[in-house]
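K.L.:
Kindly return the folded structure for what I paste below:
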Amino acid sequence: MLLSRRTVLAGAGVLGLGIAGFAARPILWPRSGTDTQALKIPPLLDPRASGGSASLRVQTGTTEFYPGRFSETLGYNGSYLGPTIRVRRGDSVQVNVKNELAETTTVHWHGLLVPGPLDGGPHQPISPGQTWRPLLPIDQPAATLMYHSHVHGLTAEQVYRGLAGVFIIQDDEEQRLGLPNDYGVDDLPLVLQDRQFEDGLLVMPNGMMTLMQGRRGDIVLVNGTPNPVAQVPPRLVRLRMVNASNARVYDLSFEDKRAFHWIATEGGLLERPVQLQSIRLAPGQRAELLVDFSDRSPVGLLTTADSNSRIMGMMPMMQDFGRDRVAGGAFIRFEPGAAASGAASVPKLLIAQERVQPSAAIRRRRLVLNMGMGGMMGGGMMEEQMSGDTRTEAGPMAAPFSINGRPFDMRRIDESVTLGNTEIWEVSGEMMAHPLHIHGVHFEVLSRAGRKPDVLDQGLRDTVLVREPAELLVKFSKASQGYPFMYHCHILEHEDNGMMGQFSVE
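P.N.:
Numbers count the residues shown, from 1 in each chain. The predicted structure follows:
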């Protein structure tokens with residue numbers, strides 16, 4: 001089972017670490033300024049250039065994160081991560097996904113609004129040697145999405161090893177705004193992942209803290225690059241931030257405290273740009289930023305230590321084991337060049353969003369993301385939970401990860417909704433903040449703990465970080481057609497171990 005494996009990810013035989021190894025690790029490998037690398041940009045895969053089709057090979061490989069050190073990894077069309085798939089609204093894209101692994105996988109189109117059979121969740125497994133051929137109708141506004149493995153019980157491991165990528169939708173409204181759109185030059189995808197390294201080799205930590213917190217690393221990779229430097233033009237640059245970490249919440253800001261403009265959420269463009277100096281990004285969330293580099297000054301992007309690495313109710317000793325080992329600092333540097341051309345100003349207005357009124361909601365549902373400590377600390381149940389085995393209905397002591405007290409069961413439909421309806425879902429999390437992702441929908445955050453939502457809650461979302469109760473206004477626009485949609489914690493270890501439910505839309 002997933003969390004009981006002593007997983008080998010490096011040719012040198014470095015093993016997954018238990019609690020003692022996890023706590024004793026040096027903070028970073030390596031960390032001096034001379035160890036910088038040029039930022040890798042994922043190759044662009046545009047189906048329009050190949051007759052409306054795109055092919056992905058899910059494969060094993062070896063990746064040289066550090067010079068001369070080769071780690072065993074997974075990727076799409078390469079050894080680690082995948083190409084950026086770019087499509088336009090109105091397209092129909094034939095995707096051919098061939099599984100060349102020795103184990104089952106899936107490909108979930110995270111944020112794409114498509115019917116249930118095309119969603120790529122646990123109900124669309126791709127067996128070794130098989131090819132999945134979904135025809136994806138692109139029928140939503142311009143946005144930055146992602147795709148990743150979603151096979152139940154192995155999502156966390158497969159994503160950690162590299163099965164993730166960026167999916168971009170363009171449309172005419174976005175094009176009229178004149179936003180930076182020269183891919184890899186002034187329009188940069190930045191896939192954020194924290195990973196753990198031992199002597200320059202990728203390792204996968206295991207142990208009780210991994211189960212409780214989710215896998216956390218000591219290095220922040222950007223597009224698979226440690227300590228990267230991005231060459232940018234000295235003008236307005238669009239950064240497509242994608243949090244593809246298993247569990248880390250990023251609080252992002254520039255080291256010189258420069259302001260930037262936030263222009264898009266998971267659901268697409270905001271109505272108008274929002275000027276900020278910092279932004280939070282939970283696992284599964286995306287944000288598009290416009291940053292002005294016209295001063296030609298090199299600058300680093302920072303993240304603070306993850307405040308969500310601590311779990312309420314734990315003993316002080318266990319809190320120390322769970323302390324975040326990325327203490328903060330610049331994890332990517334931007335170096336502006338000499339030439340300047342292209343978009344030079346931030347639009348005052350972006351798009352007019354079609355808003356759904358709360359009065360349109362016909363039903364209210366309540367979801368609690370449960371994380372009961374009793375079963376995790378209760379003697380005999382520890383070994384079972386460490387193996388990732390949550391296939392039981394024995395109650396919270398036997399299944400600490402659940403939603404509304406029920407661990408995930410592929411055979412059970414937890415909620416049934418009507419196509420075209422709007423509902424209010426009240427969601428909250430136990431013991432720590434949990435990023436809730438809902439497949440097949442967009443929603444708005446109406447309130448948090450009975451108060452108006454934060455400025456960072458605005459726009460259409462598919463993932464939200466919750467602890468205190470938050471009200472979500474959810475519109476169901478795509479039918480499940482016999483293949484239910486998922487809702488789950490996007491701390492992937494929580495998801496794999498039971499903090500997931502499913503709903504039908506008919």
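K.L.:
R248 contacts Q213, doesn't it?
P.N.:
No. With contact defined as CB atoms under 8 Å, R248 does not reach Q213; the gap is 9.5 Å. Backbone N, C-alpha and C define where each C-beta goes, glycine included.
K.L.:
could you point out where the stretch 1-150 of the chain is predicted with low confidence?
P.N.:
1-34 (pLDDT under 70).
K.L.:
remind me which residues of the stretch 351-500 of the chain are low pLDDT?
P.N.:
373-399.
K.L.:
Show me where it has its strands.
P.N.:
364-371, 401-403, 415-417, 422-429, 434-438, 442-448, 463-466, 470-475, 485-489, 500-505 (DSSP state E, counting those that start in this stretch).
K.L.:
List the buried residues in the first one.
P.N.:
Neighbour counts over strand 364-371 (16 or more other CB atoms under 10 Å) mark 365, 367-371 as buried.
K.L.:
Contacts only, for the residue nearest to S71 when sequence neighbours are not counted.
P.N.:
Leaving aside its chain neighbours, S71 sits nearest to L202 (3.8 Å; criterion: CB to CB, 6 or more residues apart in numbering). By CB atoms under 8 Å, 6 or more residues apart in numbering, the contact list for L202 reads 9-10, 63, 65, 71-73, 161, 195-196.
K.L.:
same question, R448
P.N.:
R448 neighbours (CB under 8 Å, 6+ apart): 454, 457, 468-471.
K.L.:
Which residue or residues pair with it through a beta bridge?
P.N.:
R451, A470 (DSSP bridges).
K.L.:
Likewise for V166?
P.N.:
M146.
K.L.:
What residues does it make contact with?
P.N.:
42, 84-85, 144-147, 189, 191, 240, 242.
K.L.:
all helices of the chain, in order?
P.N.:
19-24, 155-161, 172-176, 208-213, 316-321, 373-376, 380-386, 492-496 (DSSP state H).
K.L.:
nearest residue to Q158 other than its sequence neighbours?
P.N.:
S149 (3.8 Å).
K.L.:
rewinding a little: out of the contacts of V166, which one sits closest to A54?
P.N.:
I85 (5.9 Å; CB to CB).
K.L.:
The closest one: neighbour count?
P.N.:
25 (other CB atoms under 10 Å).
K.L.:
Kindly report the same for A361.
P.N.:
18.
K.L.:
What's the separation between L281 and G121?
P.N.:
23 Å (CB to CB, to the nearest Å).
K.L.:
what about these two, which has more around it?
P.N.:
G121 (26 against 23).
K.L.:
before we move on, the earlier item: of the contacts of R448, which is the nearest to M410?
P.N.:
A470 (27.1 Å).
K.L.:
Wait, the closest one touches V445, no?
P.N.:
Yes. Under the criterion of CB under 8 Å, A470 makes contact with V445 at 6.0 Å.
K.L.:
Can you check which residues contact both of the two?
P.N.:
Common neighbours of A470 and V445 (CB under 8 Å, 6+ apart) are 453, 464.
K.L.:
Selecting buried members of the contacts of R448 in PyMOL, what would you type?
P.N.:
Paste this into PyMOL to select the buried members of these, with burial taken from 16+ other CB under 10 Å:
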select buried, resi 457+469+470+471
